[in-house]
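give me a model of this one.
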Amino acid sequence: MALRLDDKKALVAEVAEVAAKAQSVVAAEYRGLTVTQMTKLRSTARSSGVYLRVVKNTLARKAIAGTQFECVGKSLKGPLILAFSKDDPGAAARLVKTFAKDNDKLVPTVVSLGGVALSGKDLDKVASLPTLEIARATLLGALQAPVGKLVRTLAEPPAKLARVLAAQKDKLGASA
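From the prediction side, this is the model:
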């Protein structure tokens, strides 16, 4: 069923709004997937914070024009589904990668992150990006390490600390 002009404009506006705020996008060919498989993919996408939409390629190009995903416009060929990561840059790539393991009909064609278009073969690189929670935990661990060392040093018995300071003083006096 063909879309009316007003419907096309609304669809382009909706996808453009999502693309303007998205972290990454994955375009994947879905030819051969059953309705049940597509329904499962959409359900998983909703629970993962991924915006998933089948859009005609010409409308998709118009929607992503002026966004960081404009670079994938030339790669949009064939029946594609677009998956936009809203908060987590690797969420859409992980969704497509996981779903494609069990459904070989879903074939990633292009991935874009930070205004750079990558081939579908690079999906694993984007999918391996840490989630926001893991990135925060890693950063927090890196920030806490020096503080932890300082606390351990200050918690050492004062006599041991005095010996270390005396040894440092002797080294300084001997070198002078």
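
need the strands for the protein, in chain order.
Secondary structure of the chain (DSSP state E): strands at 24-29, 50-54, 80-85, 107-113, 116-119.

so can I have JSON lines of those showing mean pLDDT, distance to residue 6 and mean neighbour count?
From N, CA and C alone the C-beta is placed, and that goes for glycine too. Converted to JSON lines, the strands of the chain look like this (pLDDT from 0 to 100; distance: least, C-beta to C-beta, whole Å; neighbours: other C-beta atoms under 10 Å):
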{"stretch": "strand 24-29", "mean pLDDT": "93", "distance to residue 6": "25", "mean neighbour count": "26"}
{"stretch": "strand 50-54", "mean pLDDT": "94", "distance to residue 6": "18", "mean neighbour count": "19"}
{"stretch": "strand 80-85", "mean pLDDT": "93", "distance to residue 6": "21", "mean neighbour count": "24"}
{"stretch": "strand 107-113", "mean pLDDT": "91", "distance to residue 6": "29", "mean neighbour count": "23"}
{"stretch": "strand 116-119", "mean pLDDT": "85", "distance to residue 6": "31", "mean neighbour count": "15"}
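
could those strands go into JSON lines alongside distance to residue 40?
Output for the strands of the chain, formatted as JSON lines (distance: least, C-beta to C-beta, whole Å):
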{"stretch": "strand 24-29", "distance to residue 40": "14"}
{"stretch": "strand 50-54", "distance to residue 40": "11"}
{"stretch": "strand 80-85", "distance to residue 40": "13"}
{"stretch": "strand 107-113", "distance to residue 40": "17"}
{"stretch": "strand 116-119", "distance to residue 40": "26"}
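
the ones you listed: which one's closest to residue 12?
Closest to residue 12 of the strands of the chain, according to C-beta to C-beta: strand 50-54, at 11.2 Å.
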